[in-house]
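Engineer: Give the three-dimensional model of this entry:
(one chain, ligands or ions: 1)
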Amino acid sequence: MKADVMVIGAGSVGLAAGYQLARQGARVVLLDEGAPPHALGSHHGSTRLIRYAYGEGARYVPLLLRARRLWQELEAESGESLLLPCGVLNLGRDDSPFIRQVAASAREYGLALEQVERNEIARRWPTWRLPVGQAGAFEPEAGVLYCERALLAWRRLAERAGARLLEHSAVRALRIDSEGRVIAKTGQGELGADRALICAGQHSARLLAGLGLTLPLTRVRKTFAWYRADEQAMGPGRFPGFSADLAEGIYYGFPTLDGAGFKLGRHDGGQPLAPGEPLVPFGAFEEDRAELDAVVQAYLPQVGSFIEGKACHYIRTPDEDFILDRHPEHEQLFFASACSGHGFKFAGVLGELFAHWMLDGDPGFDLAPFRLTRFG
Ligand SMILES: Cc1cc2nc3c(=O)[nH]c(=O)nc-3n(C[C@H](O)[C@H](O)[C@H](O)COP(=O)(O)OP(=O)(O)OC[C@H]3O[C@@H](n4cnc5c(N)ncnc54)[C@H](O)[C@@H]3O)c2cc1C
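Structural biologist: Just a heads-up that it's a prediction; the model follows:
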């Protein structure tokens, strides 16, 4: 098949883009080093949080509002349940800049948000034991996304619309040929397309370095774990997802879903990793479990015993904002690094945005805050 567009990295953003490109009539080929969804990237672990009153900045909210609509449309088209609006509680000290920004984002865009004092949190969600000085902002419309299920849905719908996914096809290098086509070199040979989207997680920087661009990305090992939890007390109707800026660090968690248990992870911290360095499993470092156990004991004492943990990675930018851009000299090359630990909720909208940008020349959103040039 002659491809109009090649997507390098069929993970969260790549599969969403492949789905959008194919349904808009483009001949699209996707290449991935594994068979997605898998545990090689940032998308495994079954669930992710989605929040709209964004503590990371109001500039994300227009993308988030479109993302919500697209999650709902994907549910309708795939017949899968992907988005559970069980609410998310943002927790932090009274003077936390993150909580202030959550409130500012909600005000600017008229989003539902309830400021909740410590005593009210104890009354409404008695599983929490918070120290004096902690407060919260509850977003009732936020919730949980089923990430691996979403990848399977995009994959199925993209392939049904004619996209071709080449599994176990790691791209080793990229070049532009004399006709301006993007050529990807894999272990199986070369593949070409008129345009390409590079969203290859830990390998995006290396692939773009070969074409003269420096992406300031770092890779960090992250861990999360499940604990036994009472379905009555910590099911989705009774216990919202949360993002908590605690004295011990920044943690996030989920209600127990489908009997899986309470899931808890740490957003900050983690071990730096080089691209390609093996991801050692959960438990290889003493703190993997110790720091999660400490948060359970201090703040959520009703939570039961440890079930299992997993390791994953974040690909981070220095300011933790995304990089969404195109090559200044080779304009047929687009790239997305939407990680830094908060990118999944945007995957659908980024897929749509890049499909419009690559096919019609207009992403439809102001991407100035996400340009590579901000790093100088
Ligand atoms: C533990 C954890 C918790 C998180 N929690 C949240 C959350 O609550 N909410 C939220 O919104 N986000 C969250 N995130 C972030 C979110 O999961 C990521 O931002 C998102 O999955 C990144 O999407 P991506 O497409 O950039 O990367 P990925 O989904 O990892 O896709 C990259 C793909 O590129 C492929 N690839 C790599 N190299 C090559 C190559 N050379 N050739 C071909 N293919 C290649 C990989 O195999 C992979 O499939 C979390 C992340 C982690 C790790």
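
Engineer: pretty sure Thr77 is in a strand, no?
Structural biologist: Residue 77: Glu, not Thr. No - looking at Glu77 with DSSP: H, G, I helix; E, B strand; the rest coil, it is helix, so not inside a strand.

Engineer: That one against Leu157, yeah?
Structural biologist: Yes - the criterion here is Cβ atoms under 8 Å, and Glu77 meets it with Leu157 at 6.3 Å. C-beta here means a position set from N, CA and C on the backbone, and glycine is covered the same way.

Engineer: Let me see the domain layout of the protein.
Structural biologist: The chain breaks down into these domains under automatic domain parsing: 3-44+148-217+319-375, 88-140+218-315.

Engineer: Now render those domains as JSON lines, adding mean pLDDT, mean neighbour count and distance to Arg51.
Structural biologist: Shown next, in JSON lines, are the domains of the chain (pLDDT from 0 to 100; neighbours: other Cβ atoms under 10 Å; distance: least, Cβ to Cβ, whole Å):
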{"stretch": "domain 3-44+148-217+319-375", "mean pLDDT": "97", "mean neighbour count": "20", "distance to Arg51": "7"}
{"stretch": "domain 88-140+218-315", "mean pLDDT": "96", "mean neighbour count": "18", "distance to Arg51": "5"}
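
Engineer: For the protein, what lies in contact range of the ligand?
Structural biologist: 8-14, 31-34, 36, 40-43, 45, 48-49, 170-171, 199-201, 203, 222, 224, 252, 265, 312-314, 338-339, 341-345, 347 (Cβ under 6 Å from any ligand atom).

Engineer: Phi first, then psi, for Ala158.
Structural biologist: phi -60, psi -50 (degrees, to the nearest 10).

Engineer: what's the nearest residue to Gln72 once chain neighbours are set aside sitting at in phi/psi?
Structural biologist: Of all residues not flanking Gln72 in the chain, Leu83 sits nearest, at 6.8 Å (Cβ to Cβ, 6 or more residues apart in numbering). When quoted as degrees, to the nearest 10, the phi and psi of Leu83 stand at phi -130, psi 120.

Engineer: do the same with Lys310
Structural biologist: Residue torsions, per degrees, to the nearest 10, at Lys310 are phi -140, psi 160.

Engineer: doesn't Phe282 make contact with it?
Structural biologist: Yes - counting by Cβ under 8 Å, Phe282 is a contact partner of Lys310 at 5.3 Å.

Engineer: which ones are touching Gln302?
Structural biologist: Neighbouring residues of Gln302 by Cβ atoms under 8 Å, 6 or more residues apart in numbering: 127, 229-230, 233-234.

Engineer: and if we set it to 7 Å?
Structural biologist: Contacts for Gln302 (Cβ atoms under 7 Å, 6 or more residues apart in numbering) come out as 127, 230, 233.

Engineer: Kindly reformat the residues you listed as CSV and extend each row with secondary structure.
Structural biologist: Listed next are these as CSV, based on three-state DSSP:
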residue, secondary structure
Thr127, coil
Asp230, coil
Ala233, helix
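
Engineer: Name the residue of the chain that lies nearest to the ligand.
Structural biologist: Using Cβ to the nearest ligand atom, the closest approach of the chain to the ligand is made by Gly11 at 1.7 Å.

Engineer: on that earlier part again, pretty sure the residue nearest to Gln72 sits against Ala76.
Structural biologist: No - here Leu83 lies out of contact with Ala76, judged by Cβ atoms under 7 Å, at a distance of 11.0 Å.

Engineer: Same drill for these two, tell me which one is more crowded.
Structural biologist: Taking neighbours as other Cβ atoms under 10 Å, Leu83 and Ala76 compare with Leu83 leading, 19 against 9.

Engineer: partner residues bridging that one?
Structural biologist: Beta-bridge pairing for Leu83 (DSSP bridges): Leu145.

Engineer: Next one: the residue nearest to Gln72 relative to Ala153, how far apart?
Structural biologist: Relative to Ala153, Leu83 is positioned 11 Å away (criterion: Cβ to Cβ, to the nearest Å).

Engineer: Check Tyr52 too.
Structural biologist: 21 Å.

Engineer: can you give me the helices for the stretch 101-250 of the chain?
Structural biologist: With helices called from DSSP state H, counting those that start in this stretch, the stretch 101-250 of the chain shows them at 118-124, 147-160, 204-209, 231-234.

Engineer: Now tabulate the ones you listed in TSV and tack on distance to Ala368.
Structural biologist: What follows is the helices of the stretch 101-250 of the chain, written out as TSV (distance: least, Cβ to Cβ, whole Å):
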stretch	distance to Ala368
helix 118-124	37
helix 147-160	28
helix 204-209	20
helix 231-234	41
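
Engineer: How about the residue nearest the centre of the chain: what's its closest non-neighbour residue?
Structural biologist: In the chain, the centroid-proximal residue (Cα atoms, centre = their mean) is Phe344; its distance is 2.2 Å. In this structure, Phe344 finds its nearest non-sequential neighbour in Arg48, 4.1 Å apart by Cβ to Cβ, 6+ apart.

Engineer: Quick check, the one you found in contact with Lys345.
Structural biologist: Yes - counting by Cβ under 7 Å, Arg48 does reach Lys345; the two are 6.4 Å apart.

Engineer: Between those two, which contacts overlap?
Structural biologist: With Cβ under 7 Å, 6+ apart as the test, Arg48 and Lys345 both reach Leu145.

Engineer: now the residue of the chain most remote from its centre: how far from Arg316?
Structural biologist: Most distant from the centre of the chain: Ser178, at 36.1 Å, with distances by Cα atoms, centre = their mean. From Ser178 across to Arg316, the span is 37 Å (Cβ to Cβ).

Engineer: Kindly confirm my reading that Glu73 is in a strand.
Structural biologist: No - per three-state DSSP, Glu73 lies outside any strand segment and is helix.
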